[in-house]
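Trainee: got a predicted structure here, sequence first:
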Amino acid sequence: MIAKKLLAVAVTAVVATFALSQGAQAGPRLDKIMETKVLRVGTPGDYRPFAIKTDAGLSGHDIDVIEAMAKELGVKIEYVQTSWPKLMADLQSDQFDIAVGGITRNVARIRLIEMLPGYAPFGKVALVRSADKAKYTTVDDLNKPNVRVIKNPGGTNETFVLQNLKTAQVSTHDKNAEIPALIAEGKGDVMITETYEALVYSKADPRLHAAFIDAPLTPKSYLGFMLPKDDADYTRVMNFVWGQIDSRGILKGASDKWLK
């Protein structure tokens, strides 16, 4: 009996020592990032003003913010192309360490991954032609058989369209950044998007009107950066870095530059 008790105590001590040694180390993802000095950032790169890819490279609110975070971490960024339909799967299969580019925080995503604090409050709105703006004052006006809605696949805008505009003529266009021009040219009537994207395109093209800006079609939501749920130390450090750049006014500066 005494021998068994001594063995149990010894085993408990070994387990406790192992747990303490593990807790004193950073997680594997954080270790890899700090060792390689590379943060892999995934983005669809097609959502103004958060992340847009052009011949000159990537630019936007989220690009400025993640660059500031990388600088705080002391690492460089390696951008990885993804798409809205593949965004979650690519993150979970370790194609990149963080995803940015105007990503809505919601329960469906938080169930599967981590997200950094919310920013840029918004609601779903509609981008329509300025000449037709009087036609669209309620969601029922959008949900008619003669209304042509063009959606981008894979994101929450598509979800809204499929749930709320079942009577409209709905088509899919893979390149989100091309849809506003299609609406302006009369190849479609409505694009469901979010507050900031609608404002960007309506300001840039007088043929377009941002409908429902003052009374969005959905309750207020926030955007956020996505992290894989495989390293608590990595999540903790990234939240700390977010707080650091916020306290230094970097988040406000990015907001003033891109979202006003």
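Mentor: Alright, I've got the coordinates. Numbering: from 1, shown residues only.

Trainee: got the contact list for the residue positioned nearest the centre of the chain?
Mentor: Among the residues of the chain, the one closest to the centroid is Ile103, at 1.8 Å (Cα atoms, centre = their mean). Residues counted as contacts of Ile103 (Cβ atoms under 8 Å, 6 or more residues apart in numbering) are Leu87, Arg109, Met115, Leu223, Gly224, Phe225, Met226. Quick note: C-beta positions are derived from backbone N, CA and C, even for glycine.

Trainee: just give me the closest of those to Pro153.
Mentor: Leu87 (11.0 Å; Cβ to Cβ).

Trainee: quick one on the thing from earlier: next one: phi and psi at the residue nearest to the centre of the chain?
Mentor: Backbone geometry at Ile103, expressed as degrees, to the nearest 10, gives phi -100, psi 120.

Trainee: same question for Lys220.
Mentor: Here Lys220 shows phi and psi, under degrees, to the nearest 10, equal to phi -60, psi 130.

Trainee: again with Val139
Mentor: phi -70, psi -30.

Trainee: what about it, neighbour count?
Mentor: For Val139, the neighbour count with other Cβ atoms under 10 Å is 16.

Trainee: now intersect the contacts of Ile103 with the strands, please.
Mentor: Met115, Leu223, Met226 (DSSP state E).

Trainee: and which of these is nearest to Gln163?
Mentor: Checking the ones in strands among the contacts of Ile103 one by one against Gln163 (Cβ to Cβ), the nearest turns out to be Leu223, at 20.1 Å.

Trainee: pretty sure the closest one contacts Gly101?
Mentor: No - in this structure, Leu223 is not within contact of Gly101 by Cβ atoms under 8 Å, at 9.1 Å.

Trainee: which one of those two is surrounded by more residues?
Mentor: Gly101 (27 against 23).

Trainee: what pLDDT does the more buried one get?
Mentor: Reported pLDDT at Gly101 in the predicted model: 97.

Trainee: and it, which of the three is it?
Mentor: Three-state call for Gly101 (DSSP: H, G, I helix; E, B strand; the rest coil): coil.

Trainee: check the gap between it and Gly27 for me.
Mentor: 25 Å (Cβ to Cβ, to the nearest Å).

Trainee: related to what we said a few turns ago, okay, the ones in strands among the contacts of Ile103 in TSV with distance to Lys76 next?
Mentor: Listed next are the ones in strands among the contacts of Ile103 as TSV, based on distance: Cβ to Cβ, whole Å:
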residue	distance to Lys76
Met115	23
Leu223	24
Met226	20
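
Trainee: how far out from the middle of the chain is stretch 75-94?
Mentor: 11 Å (Cα atoms, centre = their mean, to the nearest Å).

Trainee: any idea where the helices of the stretch 151-260 of the chain begin and end?
Mentor: 156-164, 179-184, 195-204, 232-247, 250-258 (DSSP state H, counting those that start in this stretch).

Trainee: tell me which residues of the third one come out buried.
Mentor: Of the residues in helix 195-204, those buried under the neighbour-count criterion (16 or more other Cβ atoms under 10 Å) are Thr195, Tyr196, Glu197, Ala198, Leu199, Val200, Tyr201, Ser202.
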